[in-house]
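S.K.: starting from these lines, generate the structure:
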Amino acid sequence: MKTRNFAWSEGSAVAAEIRAWMRESAAAVDVAPIAHEVRERGDAAVLDLTERFDGARPDRLRVEAGEIGAAAEALDGEVRAAIAVAVRNVMRVGREQIAADPGTLTLEEGQTVSLRDVAVGAAGIYVPGGRAAYPSTVLMCCIPASLAGVERIAVASPPGAGGAVNPVVLAACEACGVEEVYAMGGAQAVFALAYGTETVPPVDVIAGPGNSWVQEAKRSVFGVVGIDSIAGPSELMVVVGHDTELEWAALDLCAQAEHGAESPLIAVAVEEAILERLRETTVALAAERPSVTDASLALVQVPDLGDAVALANAFAPEHLQLMSEDAGPLAGRVTTAGCVFTGPFSGTAFGDYAAGSNHVLPTGGAGRFLGPLGPGVFRRRIANVSLRGPAAAALAPSVDVLARVEGLPVHGESARVRIGSKREGLR
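M.R.: Model prediction:
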């Protein structure tokens, strides 16, 4: 594991320095050629690119419904039970997120304005593969989409060496009632979902985490489709103190490093000795665990815990762990992290799987303006405006004045024409 100590100066300056260091080892990503191939050649391009990048060529892109059901039936009972726990908790949290009714407002002039939420028609869910299978991502994305009322949910996941989607991923799809699954991954899968191919109908929103290629593809199709956020690579910042179990913190850092070498890790402490012990423990534990990649660990000594919060707010980490016993008040001062884990027992792994929160979170600093994935990502708000005659008469003069100021006089004329209308039923 690569480590580097950063001297404290000021939160935003240190955050920028850390991100610059992380970018030094990141490979350049250009998804435009992949987009061109998928748009020009459709299924054939997706299959060729999947074989090139994933080392597997499925017999067909769409997974048969029988294969999804068979994967669920063959699943180990212990795994099935764990999926059921995660489904229950993610669904309960998701239902709370859609419980509020925006209602109807009647304004002073008599017009009514109501807001209603409607689900998008189709959602594309990207479930990463490659180093591991991620049935948890199926739950985190498909449950909110289902709760939002999306009629068509399509999952794309890279095929394994034999050309098939991982059976546990398929079993998670079955648990969520998803019957449309495609054996495709990478940027080509994002472009196929956005633009459509012979086999893959296009969707309205694409959600889900992934590597830099997947996220750049999502960024490039925004506007053609909606996206949840730029969710990946995974990030973790831990703030430790004199009462922190450093082995716990080190294992939390190593766990995030399992996601890939491009996952930024940051450790923050007031005391230099604690920071150095955490570095030594993390490096030692990582060396003993083959699944832990050579991720970059930044270490920052701060003057006090208030400065640790300032650094977190400047960096906007995907995951932030405040690992002291009295972390509660500190958590309330955090404004940008994707998810804050408060107290020594609140490891990020719980949120990754079964706590009920969503593990699809903004990365790369996007926590400054985005939050966790939820049902709202798959719904859009429509405004309904209703004016009767008196309301139109009361508002038309104001509309006319503003329209003329903007050089759009016909806007004003279209409002004024309704003044004094005797049309039956409009007053």
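S.K.: check what pLDDT Arg423 gets.
M.R.: Confidence at Arg423, expressed as pLDDT, is 64.
S.K.: tell me the contacts of Glu96?
M.R.: By CB atoms under 8 Å, 6 or more residues apart in numbering, Glu96 lies in contact with nothing. No exception for glycine: its C-beta is placed from N, CA and C like everyone else's.
S.K.: CA atoms only: put stretch 91-107 into CSV for me.
M.R.: As requested, C-alpha coordinates have been extracted for stretch 91-107 and formatted as CSV (Å, rounded to 0.1, in the frame of the first residue of the first chain):
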residue,chain,number,x,y,z
MET,A,91,-36.7,-1.1,1.5
ARG,A,92,-37.7,0.3,4.8
VAL,A,93,-35.3,3.3,4.5
GLY,A,94,-36.4,3.8,0.9
ARG,A,95,-40.1,3.9,1.7
GLU,A,96,-39.4,6.6,4.3
GLN,A,97,-37.8,8.7,1.5
ILE,A,98,-40.9,8.7,-0.7
ALA,A,99,-43.5,9.1,2.1
ALA,A,100,-43.9,12.9,1.8
ASP,A,101,-46.7,14.3,-0.4
PRO,A,102,-45.8,17.7,-2.0
GLY,A,103,-49.6,18.6,-2.1
THR,A,104,-51.4,21.6,-3.8
LEU,A,105,-51.0,25.3,-3.1
THR,A,106,-53.7,27.9,-3.7
LEU,A,107,-52.0,31.3,-4.2
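S.K.: which of the residues in it are buried?
M.R.: By neighbour count with 16 or more other CB atoms under 10 Å, stretch 91-107 contains the buried residues Met91, Val93, Gly94, Ile98.
S.K.: pull the number of nearby residues for the residue nearest to Phe378 when sequence neighbours are not counted.
M.R.: Excluding its sequence neighbours, the residue lying closest to Phe378 (CB to CB, 6 or more residues apart in numbering) is Ala148, at 3.8 Å. When neighbours are defined as other CB atoms under 10 Å, Ala148 has 24 of them.
S.K.: also the one 10 residues further on?
M.R.: Using other CB under 10 Å, the number of residues around Pro158 comes to 26.
S.K.: roughly how far apart are it and Val169?
M.R.: Spatial separation of Pro158 from Val169 under the definition CB to CB, to the nearest Å is 10 Å.
S.K.: what segments of the stretch 51-200 of the chain are strands?
M.R.: In the stretch 51-200 of the chain, the segments counted as strands under DSSP state E, counting those that start in this stretch are 62-63, 104-106, 112-119, 122-126, 152-157, 180-183.
S.K.: tell me which other helices or strands the fourth one touches.
M.R.: Secondary structure elements in contact with strand 122-126, counted by 3 or more CB pairs under 8 Å, 6 or more residues apart in numbering; DSSP states H and E, are helix 135-148, strand 152-157, helix 186-195, strand 205-207.
S.K.: now do 6 Å
M.R.: Judged by 3 or more CB pairs under 6 Å, 6 or more residues apart in numbering; DSSP states H and E, the packing partners of strand 122-126 are helix 135-148, strand 152-157, strand 205-207.
S.K.: direction included, what does the second one pair up with?
M.R.: Based on DSSP bridges, the pairing partners of strand 152-157 within the sheet are strand 122-126 (parallel), strand 180-183 (parallel).
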